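> here's a sequence, model it:
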Amino acid sequence: CFSCTETSAPVSIIDLGGSVKLNFTNHNFAHCINLPIPRGPIVTEDDTVLEMTSDEAQSKTPPRLKRRRFAPIKIANQIPMRRRKEIEKALGEVGESPTKWSRKDGTKNHIFLRKRIKPGTIRHIEYDLLDVEIGESWPVPVSVVHGSRPGPVVTLLGAIHGDELVGPLALTYLCGSNFMGPDSVIDPSVLAGTIRIIPIVNLPGYRRMIRDFPDGRDLNRCFPGKSDSNTTSRVANKIWTQILSSSDYIIDLHSAAKGRTNIPQIRANLAHASSNKIARSFGIETILDSQGPRGSLRRVANENDIACITYEGGGSDEADPESVQISMYGIINLLRSLRMLPGYPSKPRFRILASGSVWIRSDQGGLLDVLAPAGSFVEEGEIVATITDPELPGVQHDVVSPIRGLLISSATHPFVNSGSPIGHLLPVKRGVSTLKKRLDDEGCLIISGSDGEPPWREDDEIEDIAVFGEWSGGSPDAEWGHVNPSEEEDDN
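Down below sits the predicted model:
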């Protein structure tokens, strides 16, 4: 089980299907319990009934609003006209499920790395990143769950950047006995399709606690790679040809690079129909529309008509418990949406679909004190940070927000100069009242999956909040630091 944290805070429970329930308190992992949870009062292991007050019940389960839209996939008013037309065209090209998912001929063995994996079984395999006779081959663990019914192949990846730990933690938990195995959430006897999990892709970077490979290159800029090129390119080519290219869906888990932190968010090319689908089915509020930089896994996968999304949460060199919890929630949600797992997928009250942003910058140099962390909803003119200089005691400069919006990322490094980015802001002009209903006492967004199981909603009950504009520098993260001119964006 997860580590238990005793606290007197209100209890919230996420139903992950089967007999497994997760009890989360203040975003700290608590014991798993194996009792069915009713929709009314919550019953603990010692049969204590936890009654919620009317105020608590109202805050945790907002009333359903009347339906206002009827299309299952909405395009209008969420992104600019140019991108909207591209998405409409892509969605019009969605066809039927591949014949290999058909149940007419039964389930066949899954061939993976020259190994035959029988239906309804789990295999844990070591995969060498390099084919060498001497020296380090960098073997990484791969878990393969082959269901008893045919279906898509989903590949889950963590730590393409070695210092990003949210992905390895989340995927390690999913591979544990609380989530994987008979009568668990991921039960191969009821699974439709195949799940392949690689918690740590960049093993040498992970061991050295650095972002890149030992040759100083970024693996997420080298796909699809070349078999006769540099070390990182060889690894990218081997992973792509032997694992990723045979996937139907890829979920790539990331965290922010050093010096900043991100709220949980999805990045996807919404003009790619199947990527659009799984971006929405992840079940969290913030989705950034972007193609991905040249050489990134997401962009290369889409060019080969493989659905791929990037999950971002937390920062490097940290195990942010909320980001870990939400990533696990989103993966289970996505698998249910694909009908690979039994159960109904949860959906947020609203989605923010962003095609542009605004940057908050410092006009002074010194030491930064952030007052509005990532996830805060700030008003125009609100003080979001202060800057002081130890060489000038008593002198303080305020950093104010230029516009009302949601901070999706904020700086964590205290040293700043004039022009340094302090925060990354999504300007919100529509749906403000809806968004404010999901703010906590500190004015931060309560993200779906962090506070218990959201109520069931149809897709046409979800409000889409549009954020218009362009990404400064051509990408969501371009202004945080140096970007190679050949890159259009930086998936951190």
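
> separation between the closest residue to V395 other than its chain neighbours and I360?
In space, and not counting its chain neighbours, V395 is closest to D389: 6.3 Å by Cβ to Cβ, 6 or more residues apart in numbering. Placement of C-beta: from N, CA and C, glycine included. From D389 across to I360, the span is 19 Å (Cβ to Cβ, to the nearest Å).

> the more surrounded of the two?
I360 (22 against 14; other Cβ atoms under 10 Å).

> tell me what that one is bridged to.
When bridges are called by DSSP bridges, I360 pairs up with G423.

> wait, what's in contact with it?
384-385, 399, 401-402, 407, 421-425 (Cβ atoms under 8 Å, 6 or more residues apart in numbering).

> phi and psi next, for M340.
Dihedral pair for M340: phi -90, psi -30, per degrees, to the nearest 10.

> what residues are up against it?
147, 151-152, 154, 191-193, 195.

> can you give me how far stretch 342-349 is from the chain middle?
How far stretch 342-349 lies from its chain's middle: 16 Å, per Cα atoms, centre = their mean, to the nearest Å.

> what about N417, neighbour count?
N417 has 9 nearby residues by other Cβ under 10 Å.

> now do it against V144, distance only.
Relative to V144, N417 is positioned 49 Å away (Cβ to Cβ).

> and the helices in this protein?
According to DSSP state H, the chain carries its helices in the segments 54-60, 81-91, 166-174, 203-208, 231-242, 273-281, 297-303, 321-337, 432-436.

> in the sheet, who's paired with I197?
S143, L156.

> can I assume it is in contact with V154?
No. With contact defined as Cβ atoms under 8 Å, I197 does not reach V154; the gap is 9.1 Å.

> who touches both of the two?
Residues touching both I197 and V154 (Cβ under 8 Å, 6+ apart): there are none.

> please name the residues that touch the closest residue in space to N333 that isn't next to it in sequence.
Nearest residue to N333 in three dimensions, chain neighbours excluded: G283, at 4.0 Å (Cβ to Cβ, 6+ apart). For G283, the contact set (Cβ under 8 Å, 6+ apart) comprises 329-330, 333-334, 337, 345-348, 448-449, 454.

> and S475, what pLDDT?
At S475, the model reports a pLDDT of 62.

> sorry, that was for D451
D451 carries a pLDDT value of 81.

> can you give me phi and psi for it?
Note on D451: its backbone torsions stand at phi -130, psi 30 [degrees, to the nearest 10].

> one more: V185?
phi -60, psi -50.

> what's the neighbour count on it?
A total of 24 residues lie near V185 under the criterion other Cβ under 10 Å.

> from what I can see it touches F179, true?
Yes. Applying Cβ under 8 Å as the test, V185 and F179 come out as touching, 4.9 Å apart.

> how about Q242: what's its closest non-neighbour residue?
In space, Q242 comes closest to L113 once its chain neighbours are excluded; the distance is 6.7 Å by Cβ to Cβ, 6+ apart.

> what about N109, how many neighbours?
12.

> how much space is there between D252 and K436?
32 Å.

> quick one: low-confidence parts of this protein?
When residues are selected by pLDDT under 70, those of the chain lie in 1-80, 91-97, 99-106, 453-458, 466, 468-475, 478-492.

> what about D477, neighbour count?
So D477, with other Cβ under 10 Å, has 27 neighbours.

> just say which of the helices of the chain is most tucked in.
helix 321-337 (a mean of 25; mean count of other Cβ atoms under 10 Å).

> so for the protein, the centremost residue is which one?
The centroid of the chain falls nearest to Y311 when counting by Cα atoms, centre = their mean (2.5 Å).

> that one: what's its closest spatial neighbour, skipping adjacent residues?
The shortest distance from Y311 to any non-neighbouring residue, by Cβ to Cβ, 6+ apart, is to L253 (5.0 Å).

> so the one you found is in contact with G167, correct?
Yes. Using Cβ under 8 Å, L253 makes contact with G167 at a distance of 3.2 Å.

> and for these two, which residues touch both?
Jointly contacting L253 and G167 under the rule Cβ under 8 Å, 6+ apart are 157-158, 311, 327.

> show me where the stretch 301-450 of the chain has its strands.
Per DSSP state E, counting those that start in this stretch, the stretch 301-450 of the chain carries strands over the ranges 307-315, 350-354, 358-361, 366-370, 377-378, 383-388, 396-400, 405-411, 415-416, 421-427.

> one step back: could you check how far the residue nearest to N333 is from D212?
G283 sits 32 Å away from D212, taking Cβ to Cβ as the criterion.

> and E379, by the same measure?
39 Å.
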